[in-house]
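Visitor: quick one, fold the following:
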Amino acid sequence: QVQLEESGGGLVQAGGSLRLSCVASGAILRISSMGWYRQAPGKQRELVAAIASGENTNYADSVKGRFTISRDNAKNTVYLQMNYLKPEDTAVYYCSGAIWTAQPMAVSNYWGPGTQVTVSS
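Guide: Numbering: from 1, shown residues only. So this is what the prediction gives:
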């Protein structure tokens with residue numbers, strides 16, 4: 001069983017910063033890519049940022065230059081540093097990871113329950 005758990009969400013004023021964390025736990029062999037997604041009310045879930053095992057990153061155009069994704073492989077943790085937040089960044093943020101397990105020997109995509117980020121104007 002593999003679990004992902006996000007933390008660090010909350011309420012912040014426009015222009016402020018938040019740092020999200022996501023810890024993966026359980027019977028993990030190896031974590032390949034990890035990413036952050038978000039879903040605002042009435043909208044589809046969208047990719048915010050992703051980081052590969054080789055630490056290549058990619059970002060949604062709307063967050064480039066403001067958000068930074070990073071990972072700590074020793075801690076099975078991925079971070080999302082969010083600066084210069086805007087009201088349109090308000091959403092539930094989800095962590096996702098492509099994770100290898102031994103039983104069964106397979107890679108699957110896992111999701112966390114999400115954390116709310118609210119940016120006030």
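
Visitor: pull the contacting residues for the most centrally placed residue in the chain.
Guide: Centroid-nearest residue in the chain: residue 36, 2.7 Å away (criterion: C-alpha atoms, centre = their mean). Residues counted as contacts of residue 36 (C-beta atoms under 8 Å, 6 or more residues apart in numbering) are 20, 22, 47-50, 69, 78, 80, 93-96. All C-beta spots, glycine's among them, are computed from the backbone N, C-alpha and C.

Visitor: separate out the buried members of these.
Guide: Burial by neighbour count, judged by 16 or more other C-beta atoms under 10 Å, picks out 20, 22, 48-50, 69, 78, 80, 93-96 from these.

Visitor: quick one on the thing from earlier: turn the contacts of residue 36 into CSV, including pLDDT, distance to residue 30 and secondary structure.
Guide: Output for those, formatted as CSV (pLDDT from 0 to 100; distance: C-beta to C-beta, whole Å; DSSP: H, G, I helix; E, B strand; the rest coil):
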residue, pLDDT, distance to residue 30, secondary structure
20, 98, 22, strand
22, 98, 16, strand
47, 98, 22, strand
48, 98, 23, strand
49, 98, 21, strand
50, 98, 17, strand
69, 98, 19, strand
78, 97, 14, strand
80, 98, 21, strand
93, 98, 24, strand
94, 98, 21, strand
95, 98, 17, strand
96, 97, 16, strand
